[in-house]
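Asker: Below are the sequence and a predicted model; questions follow.
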Amino acid sequence: MKPPGGLRPGFLLVFRREFYWFYRRPFLLFLTTLLPLLLMGVLAIVFSAGLATRLPIAVLDLDGSDLSRTIIRAVDATPDTAVAVNVSDLTEGRSLILSGRVHGLLMLPLNLERDVFAGRRPEVVFFYNTQTLTTGNLTLRGVSAAVPTVAAGIRLALRTAQGQPVEIAQADLSPIPVQVNPLFNPTLNYAHFLLAALMPALLQVVIVTTMAYTVGMDAETMHRLVILRRLGGGLWPAMAGKILPYTLIFLVVLGLSDAILFGLLDMPLRGERWILVVAGLLFILANQFIGVLLALFLRPVASAISVGTLIFAPSFGYMGIGFPRLAMNGFSYWWGELIPGTWYLMARIDQTIRGTPVDLSLKPLMVLGIFVLTLAIVTALRLEVFRIRRQRRAARRLREVTP
């Protein structure tokens, strides 16, 4: 194989060769750039609203009184819910929930107004689908905020009608007021924490599978590995020249996704930019070395890609974004500990939403650095094993041909 451009074997030759492979293998270019950017664009469109509002619910009003209509108007006025349809029975409401046309059913019982003003405690029932965790909780939040507000207004009106001053009545109804101050993400914008975590989680899978594929193509057989070594003037400079182009490409992809988050979706940046840059670089390198090791240890290439996908495709569930890691069992917790994306998201969230001081964000940077250093050492040892095997084979062949 003649070196392109008359370059001598070495790091630069392999580096240029990898960019040439993008022309020879369009799938590789699609996998490293177009696919992650396309998926990130779709996710950005899905989460562009930031917060799900006006989710449709159904109402079963068995009372038909002024009070029931007041409750319906209050529920419809919340930003979370919108009364979309009135049903005649529970069966109709259940079918609407199962079909996905509505996300909940509010049932107002018979004689609701009479029982309230008689001092009884009638029950207002809300049915929702817990399988749709986000939409179900949002509709529940809207109903849970509206109904107690109406009930408190009725109790206040009854007390003032009996001659009790408004201030005293309010104090009796709420003897211990609670001041609620939401921190970090007060608007509950899903783009600022869920989308910001989904993009690196998606990129993590792409990085591992891409490196398993591209390194596996050169390391699947000893003959191909020998060719790579000759091009690089040694296995270590050859592997460095093979990894670095993808490092640069993935940095660009990550930078474009952050440009969308910070530029278009107004994600806050309350911390230090340099921590995000360093964490992003270490995150990419750690995942690259994982893909490289899969390719060096597993044969054929399809096995390395399959194992990488099996390990990292479900990794988002173990990073502590949708479910707190402290509440996980031991297996899930330690799986999350061994995923580079967990530590990158920790540094990322600290420096964007929380505005954590620099000294408290050094731990995830150190852990990512340990990941990179450890995986690089294991990669170097594996390459050394290949070198020793080749030397032994060469010595064995020399003995065989020597009379």
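Answerer: Here it is on my side, so go on.

Asker: By mean pLDDT, which helix or strand of this protein comes out lowest?
Answerer: When the helices and strands of the chain are scored by mean pLDDT, DSSP states H and E, helix 166-173 comes last with a mean of 69.

Asker: following that one, which helix or strand comes up?
Answerer: Next helix or strand after helix 166-173 toward the C-terminus (DSSP states H and E): helix 190.

Asker: For that next one, the averaged confidence score.
Answerer: For helix 190, mean pLDDT is 75.

Asker: Ile97 contacts Tyr128, doesn't it?
Answerer: Yes. Using Cβ atoms under 8 Å, Ile97 is in contact with Tyr128, at 7.4 Å. Glycine gets a C-beta too; all of them are placed from N, C-alpha and C.

Asker: Show me the common contact partners of the two, please.
Answerer: His103, Gly104, Leu105 (Cβ atoms under 8 Å, 6 or more residues apart in numbering).

Asker: And the buried ones among those residues, selectable in PyMOL?
Answerer: The PyMOL selection below is limited to those of these classed as buried (16 or more other Cβ atoms under 10 Å):
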select buried, resi 103+104+105
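
Asker: Of the shared contacts of Ile97 and Tyr128, just say which sits nearest to Phe371.
Answerer: His103 (41.0 Å; Cβ to Cβ).

Asker: Quick check: the closest one touching Ala52?
Answerer: No. The criterion here is Cβ under 8 Å, and His103 misses it with Ala52 at 9.5 Å.

Asker: anything in contact with each of those two?
Answerer: By Cβ under 8 Å, 6+ apart, the residues touching both His103 and Ala52 are Thr135, Leu138.

Asker: And the helices in the stretch 51-200 of the chain?
Answerer: Using DSSP state H, counting those that start in this stretch, the helices assigned to the stretch 51-200 of the chain run over residues 66-77, 90-99, 112-117, 133-161, 166-173, 190, 196-219.

Asker: Could you say which of these is packed most deeply?
Answerer: helix 196-219 (a mean of 24; mean count of other Cβ atoms under 10 Å).

Asker: could the helices of the stretch 51-200 of the chain go into CSV alongside distance to Arg348?
Answerer: Formatted as CSV, the helices of the stretch 51-200 of the chain follow (distance: least, Cβ to Cβ, whole Å):
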stretch, distance to Arg348
helix 66-77, 37
helix 90-99, 36
helix 112-117, 49
helix 133-161, 21
helix 166-173, 44
helix 190, 16
helix 196-219, 7
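
Asker: Nearest to Leu38 among the ones you listed would be which one?
Answerer: helix 196-219 (10.6 Å).

Asker: For Leu310, give me its contacts.
Answerer: Applying Cβ under 8 Å, 6+ apart, no residues contact Leu310.

Asker: Oops, could you answer that again for Leu375 instead?
Answerer: Ala286, Phe289, Ile290, Leu293.

Asker: please redo it, this time with the cut-off set to 10 Å
Answerer: Residues near Leu375 by Cβ atoms under 10 Å, 6 or more residues apart in numbering: Leu285, Ala286, Asn287, Gln288, Phe289, Ile290, Gly291, Val292, Leu293, Pro340.
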